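[1] when you get a sec, could you give me coordinates for this:
(chains A and B)
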Amino acid sequence: MSAHNHAHDASSAHGHDAHGYGPHHVTSSKVFFNVLLTLLFLTIITVAASRVDFGAANLLIAMLIASVKASLVIAIFMHVKWDTAINKVFFLSSFLFLSLLMIFTLSDQATRGRANPINKMKAPVDWQFVQPKAQHTNH
Amino acid sequence: MSHDHGHSVVVPAPGPGFLPHTVAHHFDTPTQEFQSAKLGFWLFLATEILLFGGMFAAYFFFHQAYPETFHQGGKQLSWELGAINTTVLLLSSWTMAMGVRCAQTSQKNKLLVYCGLTVLGAVIFMVIKTIEYMAKYEHGFLPVFGGMGYDEATGQLAWYKDYHGVMEGVPFGNLFFSIYFTMTAIHGLHVIIGAGLILWIMKGAAKGRFHAHYYLPVDLVGLYWHLVDLIWIFLFPLLYLVP
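    Here you go, the predicted model:
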């Protein structure tokens, strides 16, 4: 089974193991343990950073640290670093679509009040144009 | 490796104590089976990201609308318990990653031990979660009882009963706890499902089904468990350490 322990060789992700029973990438225990220690350390940093008042930046800092932790979990624990290109695209595209949801929702909210002065200048609603069908049946 | 197209491909066991794996008849090779299942599972995980993503979008929307509500609401949660649960999930994520590694290297007993530790992590997580939920119930922060109705006088929904008055004067205090319970409950459901799947993996592992030549189910359940961890990495600072 020593053939499986070609751990750090990224090119092995696309190749097949010696037996031809599918792609293998066996990450070394040391790498996994170092990732665990980093994740635990970053958790302490997250709590420590929340104790300091950075104002509005607190939320941003917390999200940045969480993103680093998430990237480690995805890349190493979930083996995405060594996965095939199509699998990477499938999974990581979900974050692209999620960012669309976030960006449009939050930018809409952030700019909402600005349209109010214009709305107030509008003429009263003429229901003739809002419900044209009702007008037609009356004729 | 050669085979007839009319017959199912059988992946031999790597040694005594392991079972051979018969590739599903609609696949030509074990590699094809592995890649197809993996691609499908990544697609499923992408939908999971979007499921939780919708809730995270709601969180950010309401956080921006009522920052004081989230600040006060977050203070009602025990960050210590949240931090312990974060540590438990990170450790269980590591044991799961090690479990998959043991499946890849045909280490049956170690696979069982690491899977068992992961399930233990899930149990500890859910016990702590239950303790937290009970504390919220005692404060009256459980948004499930009674009918829903808007109370003009207090600006709260009628089923929101703040027995200890800690959220008094905070607009829409119920909003924070609605989001807290919705997100943690759906996350908790994933923890329970994940633990069940790992138990199923252990059942197969005990029979010797998973080894270096066939470890696909262990790999996929592992991915599911890491996703549970992934979601919590964001939930912890957003719910427990809200600025």
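[2] the strands in chain B, which residues?
    Using DSSP state E, the strands of chain B run over B:10-11, B:21-22, B:150-151, B:156-157.
[3] and residue 39, how many neighbours?
    Using chain A. Neighbour count for A:L39, taken as other Cβ atoms under 10 Å in any protein chain shown: 25. The way it works is simple: take the backbone N, C-alpha and C, and place the C-beta from them, glycine included.
[4] wait, chain B
    B:L39 is flanked by 16 other residues according to other Cβ under 10 Å.
[5] now swap in the one 3 residues further on and tell me
    By other Cβ under 10 Å, 24 other residues sit near B:W42.
[6] ok, it to A:I76 distance?
    From B:W42 over to A:I76 the distance is 16 Å, taken as Cβ to Cβ, to the nearest Å.
[7] got it, and B:F210?
    21 Å.
[8] who has more neighbours, these two?
    Neighbour count, other Cβ under 10 Å: between B:F210 and A:I76, B:F210 has more, with 28 against 21.
[9] so who does the nearest residue to the more buried one once chain neighbours are set aside touch?
    Spatial nearest neighbour of B:F210, chain neighbours left out: B:A103 (4.6 Å); criterion: Cβ to Cβ, 6 or more residues apart in numbering or on different chains. The contact partners of B:A103, by Cβ atoms under 8 Å, 6 or more residues apart in numbering or on different chains, come to B:111, B:205, B:210-212, B:215, B:218-219.
[10] likewise B:G54?
    A:L101 are the contacts of B:G54 under Cβ under 8 Å, 6+ apart.
[11] try B:V221
    Per Cβ under 8 Å, 6+ apart, neighbours of B:V221: B:194, B:197-198, B:200-201.
[12] near chain A, which of those residues show up?
    Filtering those for proximity to chain A by Cβ under 8 Å from any Cβ of the partner chain leaves nothing.
[13] quick check on those: which are buried?
    B:194, B:197-198, B:201 (16 or more other Cβ atoms under 10 Å in any protein chain shown).
[14] can you flag which of those belong to helices?
    Judged by DSSP state H, the buried ones among the contacts of B:V221 include B:194, B:197-198, B:201 as members of helices.
[15] go through those residues and say which is closest to chain A.
    Within those, proximity to chain A (Cβ to the nearest Cβ) peaks at B:G194, which comes in at 13.8 Å.
[16] separation between the closest one and A:D83?
    B:G194 is 20 Å from A:D83, by Cβ to Cβ.
[17] quick one, phi psi at the residue lying closest to B:K207 once chain neighbours are set aside?
    Of all residues not flanking B:K207 in the chain, B:L19 sits nearest, at 6.3 Å (Cβ to Cβ, 6+ apart). Backbone torsions for B:L19, taken as degrees, to the nearest 10, come to phi -100, psi 150.
[18] give me the neighbour count for B:L19.
    15.
[19] before we move on, what about the one 10 residues further on?
    Residues lying near B:T29 (other Cβ under 10 Å) number 17.
[20] okay, it: pLDDT?
    If you check B:T29, the pLDDT there is 91.
[21] contacting residues for the residue lying closest to it once chain neighbours are set aside?
    Setting aside the residues directly before and after it, B:T29 is nearest to B:V9 in space (Cβ to Cβ, 6+ apart), at 6.6 Å. Shown in contact with B:V9 (Cβ under 8 Å, 6+ apart): B:3, B:22-23, B:27-30.
[22] how near is B:V9 to B:E48?
    Using Cβ to Cβ, one obtains 31 Å as the distance from B:V9 to B:E48.
[23] which ones are touching the closest residue to B:G204 other than its chain neighbours?
    Counting by Cβ to Cβ, 6+ apart, B:F210 is the residue found nearest to B:G204 once chain neighbours are left out, at 6.1 Å. Each residue near B:F210 by Cβ under 8 Å, 6+ apart is listed here: B:103, B:108, B:111, B:201, B:204, B:217-218.
[24] okay, now the unreliable bits of chain B?
    Low-confidence segments of chain B, defined by pLDDT under 70: B:1-7, B:142-161.
[25] all helices of it, in order?
    Under DSSP H, chain B gives helices at B:30-65, B:67-75, B:79-104, B:108-138, B:173-207, B:216-235.
[26] got TSV for these, with distance to A:I61 too?
    Below are the helices of chain B laid out as TSV (distance: least, Cβ to Cβ, whole Å):
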stretch	distance to A:I61
helix B:30-65	15
helix B:67-75	15
helix B:79-104	16
helix B:108-138	25
helix B:173-207	21
helix B:216-235	14
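[27] and of those helices, who's closest to A:L36?
    In terms of Cβ to Cβ, the element of the helices of chain B nearest to A:L36 is helix B:79-104, at 4.1 Å.
[28] next, the angle helix B:67-75 makes with the closest one.
    With axes from the mean of the first three to the mean of the last three Cα atoms, to 10 degrees defining the directions, helix B:79-104 sits at 70 degrees from helix B:67-75.
[29] buried set for helix B:79-104?
    Using 16+ other Cβ under 10 Å as the test for burial, helix B:79-104 gives B:79, B:82-83, B:85-104.
[30] quick one: low-confidence parts of chain A?
    For chain A, the ranges with pLDDT under 70 are A:1-23, A:113-139.
[31] strands of chain A, start to end?
    So, for chain A - with DSSP E - there are no strands.
[32] report whether the longest helix along it contacts chain B.
    For chain A, the helix with the greatest residue count under DSSP H is helix A:85-110. Yes: counting by Cβ under 8 Å from any Cβ, chain B has neighbours in helix A:85-110: A:86-87, A:90-91, A:93-95, A:97-98, A:101-102, A:105-106, A:109-110.
[33] and which of these is nearest B:F34?
    Nearest to B:F34 among these is A:N87, at 11.0 Å by Cβ to Cβ.
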